[in-house]
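Enquirer: any chance you could fold what I've pasted below:
(one chain, ligands or ions: 1)
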Amino acid sequence: MSSRKIICAVSGKSYTFAKDYFDKKVTEYGDEDSLKKYFITRKVKGYLNKGYSVQEIRNIVSADDDSLPGADSQDMKDMIDMYSQFVEDKMITKGRERLIENALGLTGEAGEVSEKIKKLFRDNRIDDDAVLKELGDVLFYTVALSNIFGGSLVKIIELNMEKLNARVKNGTLQGSGDNR
Ligand SMILES: [Mg+2]
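Expert: Numbering: from 1, shown residues only. Model prediction:
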């Protein structure tokens, strides 16, 4: 997935957008130059509407850097929705055949991640982007499967964080079994 960077005109923070999402934003802002010049995140827009000054917003946004799920979660959710549709559009099989293909695809791509990391041990170097590309393939099949089961990447992240936080709370982060 090719990506484009945009810098928020108020906060000065840089965002990387998927090309499809970038194109959607270009339409929203009229043209690419206007997008790059005037783009502000939804969160910043909210602060401006409440009457905060640019400097106040910059202070708030930089203080929020470590917070989850991010400075601009609505835009992130939009991007995830768009990626879900992007994956769906790439599906060439249906029903049971798709389920099998997606499940095999997921384990196959996970193997390709391991294959790249093997090279780090064998050759002492690794192309970071090559690993990231394989992780993207894992993500692709993860989203394809989640679409089948009525989920979304947002829901997967939320369920996973809930599960792991509960394990930390229960002191069962280490160990085995699905329900602990
Ligand atoms: Mg691959």
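
Enquirer: show me which helix runs longest in the protein.
Expert: The single longest helix within the chain, with elements called by DSSP state H, is helix 95-123.

Enquirer: please identify the buried residues of it?
Expert: Using 16 or more other C-beta atoms under 10 Å as the test for burial, helix 95-123 gives 98, 101-102, 105-106, 109-110, 112-113, 116. Backbone N, C-alpha and C define where each C-beta goes, glycine included.

Enquirer: mind checking which helix or strand Trp52 is in?
Expert: Rather than Trp, residue 52 is Tyr. With secondary structure defined by DSSP states H and E, Tyr52 is part of neither a helix nor a strand.

Enquirer: out of the buried residues of helix 95-123, which are close to the ion?
Expert: 109, 112 (C-beta under 5 Å from the ion).

Enquirer: could I get the buried residues of helix 95-123 in a markdown table, plus columns for pLDDT?
Expert: Shown next, in a markdown table, are the buried residues of helix 95-123 (pLDDT from 0 to 100):
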| residue | pLDDT |
| --- | --- |
| Arg98 | 97 |
| Glu101 | 98 |
| Asn102 | 98 |
| Gly105 | 98 |
| Leu106 | 98 |
| Glu109 | 98 |
| Ala110 | 98 |
| Glu112 | 97 |
| Val113 | 97 |
| Lys116 | 92 |
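
Enquirer: in a markdown table, list the buried residues of helix 95-123 along with distance to Ser176.
Expert: Below are the buried residues of helix 95-123 laid out as a markdown table (distance: C-beta to C-beta, whole Å):
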| residue | distance to Ser176 |
| --- | --- |
| Arg98 | 31 |
| Glu101 | 29 |
| Asn102 | 26 |
| Gly105 | 26 |
| Leu106 | 21 |
| Glu109 | 24 |
| Ala110 | 19 |
| Glu112 | 26 |
| Val113 | 22 |
| Lys116 | 27 |
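
Enquirer: which pair of the buried residues of helix 95-123 spans the longest distance?
Expert: For the buried residues of helix 95-123, the farthest-apart pair by C-beta to C-beta is Arg98 and Lys116; their separation is 26.6 Å.

Enquirer: and the gap between Ala18 and Phe121?
Expert: Using C-beta to C-beta, to the nearest Å, Ala18 is found at 32 Å from Phe121.

Enquirer: Lys119 touches Ile126, doesn't it?
Expert: Yes. In this structure, Lys119 is within contact of Ile126 by C-beta atoms under 8 Å, at 5.6 Å.

Enquirer: which SS state does Lys5 fall under?
Expert: Put simply, Lys5 is strand when judged by DSSP: H, G, I helix; E, B strand; the rest coil.

Enquirer: no further questions, thank you.
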